[in-house]
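Chemist: Quick one: sequence and predicted model below, then my questions.
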Amino acid sequence: MSRKSPQVQAPRSSRRKPPGELTASGRGQSPAVDLGRTARRLRETQNLTLADVAARADISSAMLSRLETGRVSPSLETIVALSQALGVTTSMLMQRVGADDGGAQLIKAGEGLEIVRSGTRRGHTYHLLAAQRGPRKVFEPFLVTLNDKSEVFPGFQHPGIEFIHLLTGVIHYRHGRHTYLLNPGDTLTFRGDVAHGPERLEKVPIRMLSIIIYTDPDD
């Protein structure tokens, strides 16, 4: 009587992964973790949900969540689709992959990510001047350009402290119940959780540097 040959189970490392995706290695800081953190920061900066970006990139929200936490290494096709969904180049999405943590970050003129803030129209642009590193958002620097004198601005509110420095133009800027006249070279610092925003554009074009510093609630 013949004996059946014993079944041999393939080693765990050789089992097949989902097409196009590989499980990220847990050794050290993997490229998948670097890419995932950048993707999450870009998504949160634009106030987009996981579902928003997943739908644009034609992937599932669960897959995007695993990608952002570095649990999977995306395929090239997924990286391209994700960068398009976030409105950035693939090089910007991958800028932190393999980067030296002690290095500086350079954003060339005109290459800052354009952010669309709720309630604003054309002629009012925010360009992000630095992609935040690390697990917690610490600050956001913007170059703000205003061109339409007839635009009515909503009252913005956000956590932290905001610092604005007027480069060109003349603007009446409101904060709470007060309005301040700013000329080139003037600065204004205020709490972000109090409603604020441009009251009247006196002279355009207006360009100003806006830096939002996110304070720790435990500080």
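Modeler: Here it is on my side, so go on.
Chemist: So for the top strand by length along the chain, mean pLDDT?
Modeler: Longest strand in the chain by number of residues (criterion: DSSP state E): strand 196-213. On average, the pLDDT along strand 196-213 is 94.
Chemist: List the buried residues of it.
Modeler: 196, 197, 198, 199, 201, 204, 206, 207, 208, 210, 211, 212 (16 or more other C-beta atoms under 10 Å). No exception for glycine: its C-beta is placed from N, CA and C like everyone else's.
Chemist: From residue 213, how far off is the residue nearest the centre of the chain?
Modeler: Centrality entry for the chain: nearest residue to the mean C-alpha point is residue 42, 2.4 Å, by C-alpha atoms, centre = their mean. Note on residue 42: its distance to residue 213, by C-beta to C-beta, to the nearest Å, is 20 Å.
Chemist: before we move on, the earlier item: excluding chain neighbours, give the residue nearest to the residue nearest to the centre of the chain in space.
Modeler: residue 86 (4.8 Å; C-beta to C-beta, 6 or more residues apart in numbering).
Chemist: what about dumping the CA coordinates of whichever strand or helix holds the residue nearest to the centre of the chain to PDB?
Modeler: Taking DSSP states H and E as the criterion, residue 42 maps to helix 31-45. Extracted in PDB, the C-alpha atoms of helix 31-45 (Å, rounded to 0.1, in the frame of the first residue of the first chain):
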ATOM      1  CA  PRO A  31      10.600  53.900   3.100                       C
ATOM      2  CA  ALA A  32       6.900  53.000   3.400                       C
ATOM      3  CA  VAL A  33       6.700  54.800   6.800                       C
ATOM      4  CA  ASP A  34       8.400  57.900   5.300                       C
ATOM      5  CA  LEU A  35       6.000  58.000   2.300                       C
ATOM      6  CA  GLY A  36       3.000  57.200   4.500                       C
ATOM      7  CA  ARG A  37       3.700  60.100   6.800                       C
ATOM      8  CA  THR A  38       4.100  62.500   4.000                       C
ATOM      9  CA  ALA A  39       0.900  61.400   2.300                       C
ATOM     10  CA  ARG A  40      -1.000  61.800   5.600                       C
ATOM     11  CA  ARG A  41       0.400  65.300   6.200                       C
ATOM     12  CA  LEU A  42      -0.500  66.400   2.700                       C
ATOM     13  CA  ARG A  43      -4.000  65.000   3.000                       C
ATOM     14  CA  GLU A  44      -4.600  66.600   6.400                       C
ATOM     15  CA  THR A  45      -3.200  69.900   5.200                       C
END
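Chemist: Which neighbouring elements make contact with it?
Modeler: Where contact means 3 or more C-beta pairs under 8 Å, 6 or more residues apart in numbering; DSSP states H and E, helix 31-45 is packed against helix 50-57, helix 61-68, strand 72-73, helix 76-86, helix 90-93, strand 113-115.
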